[in-house]
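Chemist: Need coordinates for the below:
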Amino acid sequence: MIGAVVAKQARAERFRPVLGQEQREAVGRFLLAQGWAGLHLGDALRRQALAEHSAESRLLSLSGALGEVRGVALLQSGRLQLLAPLAEDRPAVAALLAEHMGTLQRVSGQQTQLPDDLIERCSHHVREVTVASVLRVPDRTLPRVRRARPGDAAALHQIYDHVSWMRLDSPDQWSQRLAQESSWVAESAGRLLAVARWTKSFGAVIEVGGVATDPESRRRGAATAVVLAATAAALSSGLVPVLCFGDPALAALYLPLGFEFVGREIVLNL
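Modeler: Down below sits the predicted model:
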């Protein structure tokens with residue numbers, strides 16, 4: 001009897017393909033239960049379900065001895081997204097990485113869940129994860145903010161053209177984004193100064209992202225204004241606003257508004 005239990009546990013300590021709707025729903029419940037930590041994987045699965053022709057992918061889960069989901073991994077186009085919050089599941093994470101190392105180009109997950117030796121030998125970047133439960137509005141005059149409109153696409157294209165990792169090829173692409181994502185812009189005398197968007201969502205968690213400011217309009221409160229507007233809209237809708245950033249200097253912008261550190265994500269380039 002003891003041998004059977006040990007064998008069952010050994011079989012469970014591996015990431016295995018998610019098969020069927022019932023297992024997929026169990027994965028969804030697990031990600032929802034993780035709150036802000038389940039946002040990025042949950043959003044990826046949500047978008048995948050909505051896409052008519054999604055890229056080839058493999059959804060994997062790690063089960064405990066009682067069959068409960070303890071971790072989730074999504075393999076897609078040479079990229080691995082990972083969430084396994086329990087310290088005792090680190091060996092399963094290491095085994096998964098070793099199994100697919102030859103085909104992976106990028107791995108992303110919580111920093112505490114990835115092997116230290118892998119982090120040390122790979123180029124990587126880190127993003128701080130913050131969450132706001134209340135909003136603190138600074139006592140100073142800020143630029144006017146409104147919801148973005150389809151006619152703003154060309155101006156947004158110009159703003160984002162200065163941010164390499166957010167750049168899109170044409171105003172038409174931003175027009176499509178505006179149709180899909182709630183966005184807010186700061187303006188003065190009819191000129192757009194800054195923008196923030198709801199970029200990812202899963203359950204009651206929403207990411208306030210895509211924050212960008214026209215280079216000539218920086219340090220005038222425009223970024224603060226759009227982040228406040230996007231965050232206030234989330235809180236008033238009963239959502240949990242998450243904001244991630246890679247530049248430590250941005251803490252001075254976001255933390256005074258009510259955001260607090262909750263974790264750290266890392267992206268490894270293999």
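Chemist: CA atoms for contacts and neighbours, from now on please.
Modeler: Will do.
Chemist: Could you measure from residue 150 over to residue 105?
Modeler: 36 Å (CA to CA, to the nearest Å).
Chemist: ah, wrong one, I meant residue 203
Modeler: Counting by CA to CA, the gap from residue 203 to residue 105 is 29 Å.
Chemist: who has more neighbours, the two?
Modeler: residue 203 (19 against 14; other CA atoms under 10 Å).
Chemist: give the contact list for the closest residue to that one other than its chain neighbours.
Modeler: Using CA to CA, 6 or more residues apart in numbering and skipping the chain neighbours, the partner closest in space to residue 203 is residue 32 (6.3 Å). Counting by CA atoms under 8 Å, 6 or more residues apart in numbering, residue 32 touches 38-39, 42, 202-203.
Chemist: ok, what's across the strand from residue 17?
Modeler: Taking DSSP bridges as the rule, residue 17 bridges to residue 60.
Chemist: burial measure for it, as a count.
Modeler: 15.
Chemist: tell me the contacts of it?
Modeler: Per CA under 8 Å, 6+ apart, neighbours of residue 17: 58-61.
Chemist: Mind checking which of those residues are buried?
Modeler: With burial judged by 16 or more other CA atoms under 10 Å, the buried subset of the contacts of residue 17 is 59-61.
Chemist: what are the ranges of the helices in the protein?
Modeler: 2-12, 20-33, 39-50, 90-100, 116-121, 153-160, 171-180, 222-236, 251-254 (DSSP state H).
Chemist: Residue 136 is nearest to which of the ones you listed?
Modeler: Nearest of those to residue 136, taken as CA to CA: helix 222-236 at 8.5 Å.
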